[in-house]
Structures are given as C-alpha cells and as structure tokens.
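>>> next one to model:
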Amino acid sequence: MSARRVLITGGASGLGRALAVRLAARGDRVLVTDLAPEHDVPPGALYQRLDITSGADWAAALERVRDEFGGLDLLVNNAGIAAGGRIDRLGDAHWRRVLEINVLGTVNGCHTFAPMFKAQGGGHVVNVASVAGLIHAAAMSSYNASKAAVVALSETLRYELGPWGVDVSVVCPSFFRTNLAASLGGDDPLMDTIAAKLIARAPLDAAEMAERVLRGVDARRFLILPDRPARRMFWTKRLLRPLYDRRMLAGAARFRQAERRADSGREPR
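Below is the predicted model of the structure:
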C-alpha cells in the first residue's frame, strides 16, 4: 500500500498510540492529536494538541493538515472515555460529559474533514466505537448510548459520503487491556470497579487489538469486529436472540448481587 496521510485522535495512549506506531512504521505520515504531552507521541509521528470538543482546535488541526500534508487519506476518530453506572446513580453532568466527548467529539471530526474528503474525491473515516454500541449490557447506559450513536453516525456517513468515494469504518472491540479505565468518572464507584477489572483481565492488549483493527481498515470493511468475544456477542444477538436475552438478564442479576455485597461492605468480585 502507498503511504497515507493520517490523523488520529487520542493517539498518545492506548489503542490510538498503538495504531499510530504501526502506521508510522509502515511509512504513513501520521499526525497524532491528543491532550497528553507531546513526549507520549510515537517516533516518526507529528503532534498537535486537540480537544475533540473544541471547534477551534479542530479548525487548527484542519489547517495543519492542509499546510503539511496537502490533504488527508485516513481520519481515525479514536479519542473517547470509558463510562459505566446504573441509571439511578448517573446524573445530568455525567451524561453531558459522556455524550459531549464520545458522540460530539466524533461528530466534530467527521464534520471538519468531510468537505476535504469530498473535494479530494476520496478518503477513509474510521470511527472507534465499541461492541457496547451493538450489545447493550446492564449498568452501562451512558456508554452504550454514546457508542450506539457512533455506530449510527458511521452507518449514515457510509451512505452519505460513499458517492464521493469516501469509505467509512466503525470499530467495535470488546474489552482489551489499555488505560481506558483511568477515564472512568467515579459517578458509580461499584460499576467503575467492575469495569476496571474486566479491562485488566482482558486477553488482548492495545498492540494486539491495533493489529487486528488495521486488517479491517486495510480491507475497507465497514463493521470491524476485531476480536472473538465481540463477534460472538454480535452474532448471538442477531441469530439467537432468546439466548442473548437470557445472558443479558443473567449479567444484570450478577450486578444486583454485587450491589448487595457492596451495600453490606463486602468487596465486589
């Protein structure tokens, strides 16, 4: 494949950094954007500070891409935060924060670069969602809703931008080992503890996940389910809905048991 011009949000850590490392190693010209310090950027990549909720920051990133790259081939909307919690424990501020970052942050990236892609007659938008955008487990309402919105946005843009030769992919992994747990907001400490343990126990790390994601991106696949648990859950819901419902309800029952243990002062499993 010829070298591509790439912008990655949230590219200084986790999956974003792992993607940047691999793309830069291929010879792609990579602009890493993040709120993290520049020293966290992979070797061979450029850096731009970007708050994905800021229109001014996105305008500056667009100008940088025009000046230094002369265009863009691949936009990876990766930046986002983890969130969990029972509906009765999550307030208005929590919902606004999750939706502003996970949904509007992705929308801002697509809105900023869609005109460039259309003018070029090509490009590729990759939105990093989660299997939570397809599989809606209990006690994750804000995260599920935000990632489902990213999936819906991506499908819409697949059809909207397709006539201009623009590809769109949405990445929906299950849990993998990364620093995402650090962004949990603390609105529901019990669920934050459970989510952090699930992330820590996941079989794949960010580097392994990035390799699988890039295979889907290279194939210009729309829905990228990069790991076996994500694929299993997706197809169970589509083809075996009664089994899926039983498993979701069983999972919710375990959350209830964890809530009882927490209320009694015992450590949740």
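>>> burial measure for the nearest residue to residue 51 once chain neighbours are set aside, as a count.
The spatially closest residue to residue 51, leaving aside those adjacent along the chain, is residue 57, at 4.9 Å (Cβ to Cβ, 6 or more residues apart in numbering). The way it works is simple: take the backbone N, C-alpha and C, and place the C-beta from them, glycine included. Burial measure for residue 57: 18 neighbouring residues, criterion other Cβ atoms under 10 Å.
>>> over to residue 31?
23.
>>> next one: residue 151
Neighbour tally, residue 151, other Cβ under 10 Å: 20.
>>> tell me which element it falls in.
Residue 151 belongs to helix 141-161 when elements are defined using DSSP states H and E.
>>> buried residues, that helix. List them.
Neighbour counts over helix 141-161 (16 or more other Cβ atoms under 10 Å) mark 141-151, 153-154, 157-158, 161 as buried.
>>> touching, the residue nearest to residue 51 and residue 63? I think so.
No - the criterion here is Cβ atoms under 8 Å, and residue 57 misses it with residue 63 at 10.8 Å.
>>> next one: the residue nearest to residue 51 relative to residue 48, how far apart?
8 Å (Cβ to Cβ, to the nearest Å).
>>> would residue 30 count as being in a helix?
No - counting by DSSP: H, G, I helix; E, B strand; the rest coil, one finds residue 30 to be strand, located in no helix.
>>> and the closest residue to it other than its chain neighbours, how many neighbours?
Spatial nearest neighbour of residue 30, chain neighbours left out: residue 45 (4.2 Å); criterion: Cβ to Cβ, 6+ apart. A count of nearby residues for residue 45, using other Cβ under 10 Å, gives 20.
>>> which residues touch residue 45?
Contact analysis of residue 45 by Cβ atoms under 8 Å, 6 or more residues apart in numbering lists 11, 20, 24, 30-32.
>>> next: residue 249.
Applying Cβ under 8 Å, 6+ apart to residue 249 gives no contacts.
>>> please, which helix or strand holds it?
Using DSSP H and E, residue 249 sits in helix 241-263.
>>> just give me how far that helix sits from the chain centre.
Distance of helix 241-263 from its chain centroid, counting by Cα atoms, centre = their mean, to the nearest Å, is 25 Å.
>>> how about the strands of the stretch 1-150 of the chain, start to end?
5-9, 29-34, 46-49, 74-77, 123-128 (DSSP state E, counting those that start in this stretch).
>>> check which helices and strands the first one is in contact with.
Read it as strand 5-9. helix 14-26, strand 29-34, helix 55-68, strand 74-77, helix 105-120 (3 or more Cβ pairs under 8 Å, 6 or more residues apart in numbering; DSSP states H and E).
>>> check the third one too.
Applying 3+ Cβ pairs under 8 Å, 6+ apart, we find strand 46-49 packed against strand 29-34, helix 55-68.
>>> deepest of the ones you listed, which one?
strand 29-34 (a mean of 25; mean count of other Cβ atoms under 10 Å).
>>> follow-up on the earlier one: right, and the strands of the stretch 1-150 of the chain - which one's nearest residue 223?
Residue 223 lies closest, by Cβ to Cβ, to one member of these: strand 123-128, at 11.0 Å.
>>> hmm, who's touching that closest one?
Residues outside strand 123-128 that contact it (Cβ under 8 Å, 6+ apart): 15, 72-78, 80, 106, 109-110, 113, 116-117, 150, 153-154, 157, 161, 165-171, 217, 220.
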